[in-house]
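Asks: Predicted model and sequence below, questions to follow.
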Amino acid sequence: KAGVTQTPRYLIKTRGQQVTLSCSPISGHRSVSWYQQTPGQGLQFLFEYFSETQRNKGNFPGRFSGRQFSNSRSEMNVSTLELGDSALYLCASSSTGENEKLFFGSGTQLSVL
Amino acid sequence: SQQGEEDPQALSIQEGENATMNCSYKTSINNLQWYRQNSGRGLVHLILIRSNEREKHSGRLRVTLDTSKKSSSLLITASRAADTASYFCATVPLGSWGKLQFGAGTQVVVTP
């Protein structure tokens, strides 16, 4: 079974731009969640989707948004990028998203200049 | 904000030695999980312990959970150079979906 696939692996953007990151979960997994990892704040939960519905959301500004498609693939979008958005963005999938272990992708390293 | 603290922040040991790291958390949980992360990569799930369990083993890993103290420990026995990584505990709050609350992590270096 293929693992969680995130694209692109690296991304460089400038302040004010927007960016879209993509995540393909493990086949059969319907829950996709997103995390931001920075040296200062560590790993922080962004949001979780299940069957195209956002069920849970972390404490991030509205510039961070996401969606999930009918095939469970997910995208997250960050608009009006700020320097502080530079981070490793990790996507994780699981069957139901409830009290289970998560399977993580390798992440997208975003640098905002 | 992060759920809890991990101790120590960093650990340096030699191959063959045991590595122990601790995690404390703040709220009631469904389960607690441990993950490993190699530099700049994704996290790999190691072990899950449910709130009604006190100890769990998986290969060279041993995890304990004390819900009265809101703490957990991860023991890696007979460490290998390949165990060099950051280790994170993550709690699953009651009533949450897909949301793990991570500690700050313990960076472990195993020297051959």
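Replies: Perfect, I can see it now. Numbering: from 1, shown residues only, chains lettered A, B, ... in the order given.
Asks: from here on, contacts and neighbour counts on C-alpha atoms
Replies: Noted.
Asks: where's residue A:71, which helix or strand?
Replies: Counting by DSSP states H and E, there is no helix or strand that carries residue A:71.
Asks: which residues of chain A fall in strands?
Replies: Taking DSSP state E to define them, one finds strands in chain A at A:5-7, A:10-13, A:19-24, A:31-38, A:42-50, A:53-57, A:64-68, A:74-78, A:87-94, A:103-104, A:108-112.
Asks: Work out the gap between the last one and the centre of the chain.
Replies: Chain-centre distance of strand A:108-112: 12 Å, with CA atoms, centre = their mean, to the nearest Å.
Asks: Same question for the first one.
Replies: Mean C-alpha position of strand A:5-7 versus that of the full chain (CA atoms, centre = their mean) differs by 10 Å.
Asks: before we move on, what about the third one?
Replies: In terms of CA atoms, centre = their mean, the centre of strand A:19-24 is set 7 Å apart from its chain centre.
Asks: Report the buried residues of that strand.
Replies: Across strand A:19-24, burial judged by 16 or more other CA atoms under 10 Å in any protein chain shown covers A:19, A:21-24.
Asks: Identify all contacting residues around that strand.
Replies: Contacts of strand A:19-24 with the rest of the structure, by CA atoms under 8 Å, 6 or more residues apart in numbering or on different chains, involve A:4-8, A:13, A:72-79, A:81, A:91, A:105, A:108.
Asks: Please identify the most buried of the strands of chain A.
Replies: Most buried of the strands of chain A by mean neighbour count (mean count of other CA atoms under 10 Å in any protein chain shown) is strand A:87-94; its value is a mean of 27.
Asks: That one pairs with which strands, parallel or anti?
Replies: Partners of strand A:87-94 in the sheet, by DSSP bridges, are strand A:31-38 (antiparallel), strand A:103-104 (antiparallel), strand A:108-112 (antiparallel).
Asks: what mean pLDDT does the last one have?
Replies: Pointing back at strand A:108-112 there. For strand A:108-112, the per-residue pLDDT values average out at 98.
Asks: That's all I had, so thanks and see you.
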